[in-house]
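>>> just a sequence and a predicted model for now, questions to come.
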Amino acid sequence: MPGWLRRHRGIIPYLFLVPGGLWLTLFFVVPLITTASVALQEGSLGTGYRLTFNFGIFVEAIQTWDTQLVRSLQFGLIVTVLTMLIGYPMAYTIAFRGGRYKNILLLFVIMPFFTSFIIRTISWKFILADQGFVLGTLKDLGIVEDSFRLLATPVAVISGITYNFLPFVVLPLYVALERIDPRLIEAANDLYASRFQAFLRVTLPLSISGVFAASLLSFIPAVGDYLNAELLGSRNETMIGNVIQRLYLVNNDYPQASALSLILMLGILVSVVVYRRFLRGQELTV
Amino acid sequence: MPEADVRLDRVTKRFGDFTAVDDLSLTMERGEFFALLGPSGCGKTTTLRMIGGFEEVTAGTVYLGGADVTELPPFKRNVNTVFQNYALFPHLDVYENIAFGLRRRRVPEGEVRAQVKFMLKLVDLPGYEKRRPNQLSGGQQQRVALARALINSPQVLLLDEPLGALDLKLRKQMQVELKRIQSEIGITFIFVTHDQEEAMTMSDRIAVMREGRIEQLGRPEELYERPASSFVAGFLGVSNLLDGEVVGRHGELVDVQLGDGTLVRAPAAASNGDTHVRVGVRPEKLRVTSSHTEAPRSVEDTNALEGTVLDASYIGVSTQYIVQTADGHKLTVYAQNLETSGASEALADGQTVQLTWRPQHTFVIARTDRDVDATPQYEEGQVPS
C-alpha cells in the first residue's frame, strides 16, 4: 500500500465507489444533460441545431402526446397491480411453504430469462393470434365468436408487460417475506389474530419494503416499455415509449423526443415519491 | 382437591416417523408454576406447543379448564405464550406490541391505554411505550414479551425457554422477577427449560421428560432427593450411582450388597421390592474423612465406603473430591469448607479415605435397560426439543 493511502485509510471505502461513479457519469449523467440540452434546441438535421431555451416545447409535447402519456401511466399502474396480485401469493408460497423446494421454485421464476425478451414477446404474438392455437381452438369449438380477438388490444399489451416483469416482482417480494420469522405469525395467532388478521397486521407490514421495491421494478420499466405495444398492440395501444422511439429514429425530431423523455422521467419520479408517501402512511399499522 | 387448569389425556405427536410426544398424560393445577424439563429433543417444547395450539395433536385430548380444546386454533384458546427469543413485532413500538391482543379483541382505546400502563408498571418498564423492540436490551424485550402475553389475562401462560437468551446474572434476576409476577397475578405458568437449576428454583412441580415421555413428576426436592431413574438422578444435579443386590431387610431399611461386597443400607420404601438395584447418593451428602483418623461412626446408622482421592479441587464454598472406590467406581464428593479454609488443608491426591453417609440419604433405582447412557447429552438445535 503506498504511503499516501496508508495515511488516509478512511478514503478506501470511497475508492470502491469510483468505478461505479465513473460508469454512471459517463452513461447516465452525461446523456441526461445532453438530452436536456437537446430538448431546448431548435432546428433540423439539414439546417443544424441552436440552443434557444425553448421551454415551450414541454407544453407542446404534453399537449401533442397526452393520450399516450396518460395511457402509459395507466398501463404501468394496471401492470403493477396485476404483477403484485400474481407475484405476492407466489413469493409468499415459495417463502413460507417452499421447504426444500425453495431454490427449484425460484429457478422456475427466473427461467424465462434464459430466453431473450424479444423472442418471448414474439411467441406471445403466436399464442394470442386470431387463428393461433388458443383462440383458433376456442373458435373452432364455438366457445368464442369468430370476430373475437386478443392481439392488438390493451389486454394483449398489458398481459405481455405483466408477464415480462413478473420475475422482477417475485424476487424482491420473496427476499422480504423470507426474512420474516414464522414465530411472529405464531405470536400474532397467539394474541387472538386470525390467519387473515395476522397477515394484515404482521406479514404485510413486514414485507412492505419488498412491496415498494417490487412496485418500482415493475412500474418504472412498464411505463417506459415500447416492445410489448409494438409487437402485441395496434396504434390504439401506442405507449409513450413507442412515441419517443419513433420521434428519435423515424421522424428525427430530437428536441421533441428529448422533451418527452424528460417528461416521462419526471412523471415516474413524481409517482414514486407519492407512492412512497402513501406506503409510509400505511406503515404505522394500528 | 385443586382444580385442573390444563389436562393432557394420552396425547401423542408424531412428525413423520419421529414420535416427539408419546402417549403423554399430565395435569397442571390452577395457579401452579409448572416446569417441563428435559434435554433437547425430549418433546417438552412440542408438548407446550400443543397446549398453545401451534401443533396439531396426532392422538389424544387437550383440556383447558375442563373444556376440550384439541381442535381449536391458537387464537381461540385462552392461553398466551412467551416465545423463545420473544418474537416481538419489530414494526410496532412497545405500546402497540403489548396492546396487540386487546386490539384484536376490540377493547376500547381508553381501557387499552390503562391496561398497557398497568402492565408496563408490572414488568417494571414505565416510560418505554414509544421504543421499538430493537432499541431494547434482551432483558427488556423479555419483559415486553411477558406483558404482551399477560395483558390478555390468559387462563394459563406458556413460557418457552423464557430465559434462555439472557446472560447468567440477568437470568437469576428474571427468575425472581417471574416468581414475583406469577404470585402477584396468580395464574398458571407452564414453562419449558433444559436448565435443571432454573426449573428447581422457580417451579412448584417439575415433569422431567425424556424421549416423549414423562420420566418423573414431582416437587423439586422429591426429584432431587428421590430420583426414580438414573436419568433423573443424572439430569438433576450430580449423582453417584452404584449397582447392587438387595440381600436383606431390617425394618425401615434394606441391605444392599455392592459389587465389591460392601453392604450399604437404604430406605426400604425406595426399593419397591426390586432385587437388582442401583443405589445413589448426592455428592453433598457424603462425608469424606482420612482413613487414619477414626471417624465417629456407628455401623448401624452409617454407610461407609473405602476409596482413594483421585482429584481435589478447591472451589471456595466447598472442595470437590473425586474418589475412586476399590472396584473402580468414581464418586464425586462436595465437602463444605466449614472448618477448613484453603487448598492446603484439603485431603491430598492418592490418600486413602473413607466415605460415609446416612442410609436415609440413599436413593434406590430399579436397574433397567433404559438406564444405559443415563447421562444427559445436551446438544442445542436438535429437532424438536
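Happy to help now that I have it. No experiment lies behind these values; they were computed from the predicted model shown.

>>> residue numbers of the stretch 51-200 of chain A in contact with chain B?
Within the stretch 51-200 of chain A, the positions near chain B by CB under 8 Å from any CB of the partner chain are A:181, A:183-184, A:186-194, A:197. For glycine as for every other residue, the C-beta is placed from the backbone atoms N, C-alpha and C.

>>> weed out the non-buried ones from the residues you listed.
Among those, those classed as buried by neighbour count (16 or more other CB atoms under 10 Å in any protein chain shown) are A:Arg183, A:Leu184, A:Glu186, A:Ala187, A:Ala188, A:Asn189, A:Asp190, A:Leu191, A:Tyr192, A:Ala193, A:Gln197.

>>> among the residues of the stretch 51-200 of chain A next to chain B, which ones are in helices?
Among these, the members found in helices (DSSP state H) are A:Arg183, A:Leu184, A:Glu186, A:Ala187, A:Ala188, A:Asn189, A:Asp190, A:Gln197.

>>> what's the spacing between the closest residue in space to the fourth one that isn't next to it in sequence and A:Asn103?
To tie it back to what came earlier, the one meant is A:Ala187. Counting by CB to CB, 6 or more residues apart in numbering or on different chains, B:Ala87 is the residue found nearest to A:Ala187 once chain neighbours are left out, at 4.1 Å. Counting by CB to CB, to the nearest Å, the gap between B:Ala87 and A:Asn103 amounts to 27 Å.

>>> higher neighbour count, these two?
Taking B:Ala87 and A:Asn103 together and counting by other CB atoms under 10 Å in any protein chain shown, B:Ala87 has the greater number of neighbours (24 against 10).

>>> would you mind listing what in chain B touches chain A?
Of all the residues in chain B, those lying near chain A are B:52-54, B:73-75, B:79-81, B:83-85, B:87-92, B:96, B:100-101, B:103-105, B:148-149, B:152, going by CB under 8 Å from any CB.

>>> and the helices in the stretch 1-150 of chain A, which stretches?
Read by DSSP state H, counting those that start in this stretch, the stretch 1-150 of chain A holds these helices, from start to end of the chain: A:3-7, A:12-15, A:18-24, A:30-39, A:56-97, A:102-110, A:117-128, A:133-140.

>>> most tightly packed of those?
Here the criterion is mean neighbour count by mean count of other CB atoms under 10 Å in any protein chain shown, and of the helices of the stretch 1-150 of chain A the winner is helix A:56-97, at a mean of 18.

>>> what mean pLDDT does that helix have?
For helix A:56-97, mean pLDDT rounds to 95.

>>> tell me what it is packed against?
Packed against helix A:56-97, as judged by 3 or more CB pairs under 8 Å, 6 or more residues apart in numbering or on different chains; DSSP states H and E, are the following elements: helix A:102-110, helix A:154-178, helix A:208-224, helix A:240-249, helix A:254-283.

>>> any low-confidence regions in the chain?
As the question left the chain open, I've gone with chain A. Within chain A, the stretches falling below the threshold (pLDDT under 70) are A:1, A:282-286.

>>> oops, wrong one, chain B.
Per-residue confidence for chain B (pLDDT under 70) gives these ranges: B:1-2, B:271-272, B:291-300, B:341-345, B:369-385.

>>> would you list every one of the helices in the stretch 151-300 of chain B?
Secondary structure of the stretch 151-300 of chain B (DSSP H, counting those that start in this stretch): helices located at B:168-185, B:196-202, B:220-225, B:230-235, B:268-271.

>>> which elements pack onto the first one?
Spelled out, that is helix B:168-185. Checked by 3+ CB pairs under 8 Å, 6+ apart, helix B:168-185 has helix B:109-122, helix B:138-150, helix B:196-202 packed alongside it.

>>> which residues outside that helix are in contact with it?
Counting contacts by CB atoms under 8 Å, 6 or more residues apart in numbering or on different chains, the residues outside helix B:168-185 that touch it are B:33, B:122-124, B:138-139, B:142-143, B:146, B:150, B:159, B:162-163, B:166, B:189, B:198, B:201-202.

>>> re earlier: now mean neighbour count and distance to A:Leu17 too, for the helices and strands packed on helix B:168-185, in JSON lines please.
JSON lines is the format used below for those (neighbours: other CB atoms under 10 Å in any protein chain shown; distance: least, CB to CB, whole Å):
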{"stretch": "helix B:109-122", "mean neighbour count": "15", "distance to A:Leu17": "45"}
{"stretch": "helix B:138-150", "mean neighbour count": "23", "distance to A:Leu17": "37"}
{"stretch": "helix B:196-202", "mean neighbour count": "20", "distance to A:Leu17": "51"}
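
>>> dump the ones you listed into a markdown table; add distance to B:Glu245 as well.
A markdown table is the format used below for the helices and strands packed on helix B:168-185 (distance: least, CB to CB, whole Å):
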| stretch | distance to B:Glu245 |
| --- | --- |
| helix B:109-122 | 57 |
| helix B:138-150 | 51 |
| helix B:196-202 | 30 |
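
>>> who are the contact partners of B:Ala312?
B:Ala312 sits next to B:Thr319, B:Gln320, B:Tyr321, B:Ile322, B:Ala343, B:Ala346, B:Leu347, B:Ala348, B:Asp349 when contact means CB under 8 Å, 6+ apart.

>>> direction included, what does the helix or strand hosting it pair up with?
Assigned by DSSP states H and E, B:Ala312 belongs to strand B:303-314. Strands flanking strand B:303-314 in the sheet, each with its direction: strand B:318-325 (antiparallel), strand B:352-357 (antiparallel) (DSSP bridges).

>>> can you put the ones you listed in JSON lines and add mean neighbour count?
Putting the strands paired with strand B:303-314 into JSON lines (neighbours: other CB atoms under 10 Å in any protein chain shown) gives the following:
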{"stretch": "strand B:318-325", "mean neighbour count": "19"}
{"stretch": "strand B:352-357", "mean neighbour count": "19"}
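
>>> would you list those strands in a markdown table and tack on distance to B:Ala59?
Written out in a markdown table, the entries for these read as follows (distance: least, CB to CB, whole Å):
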| stretch | distance to B:Ala59 |
| --- | --- |
| strand B:318-325 | 46 |
| strand B:352-357 | 45 |
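
>>> of all the helices of the stretch 151-300 of chain B, which gets the most neighbours per residue?
Among the helices of the stretch 151-300 of chain B - counting mean count of other CB under 10 Å - the highest mean neighbour count belongs to helix B:230-235, which has a mean of 24.

>>> what packs against that helix?
Other helices and strands packing on helix B:230-235, by 3+ CB pairs under 8 Å, 6+ apart, are strand B:205-210, strand B:213-218, strand B:240-250, strand B:276-281, strand B:363-366.

>>> can you show me the CA trace of that helix as PDB?
Extracted in PDB, the C-alpha atoms of helix B:230-235 (Å, rounded to 0.1, in the frame of the first residue of the first chain):
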ATOM      1  CA  SER B 230     -30.700 -42.900  36.700                       C
ATOM      2  CA  PHE B 231     -31.700 -40.400  34.000                       C
ATOM      3  CA  VAL B 232     -33.500 -38.100  36.500                       C
ATOM      4  CA  ALA B 233     -30.700 -38.600  39.000                       C
ATOM      5  CA  GLY B 234     -28.100 -37.600  36.400                       C
ATOM      6  CA  PHE B 235     -30.200 -34.800  34.900                       C
END
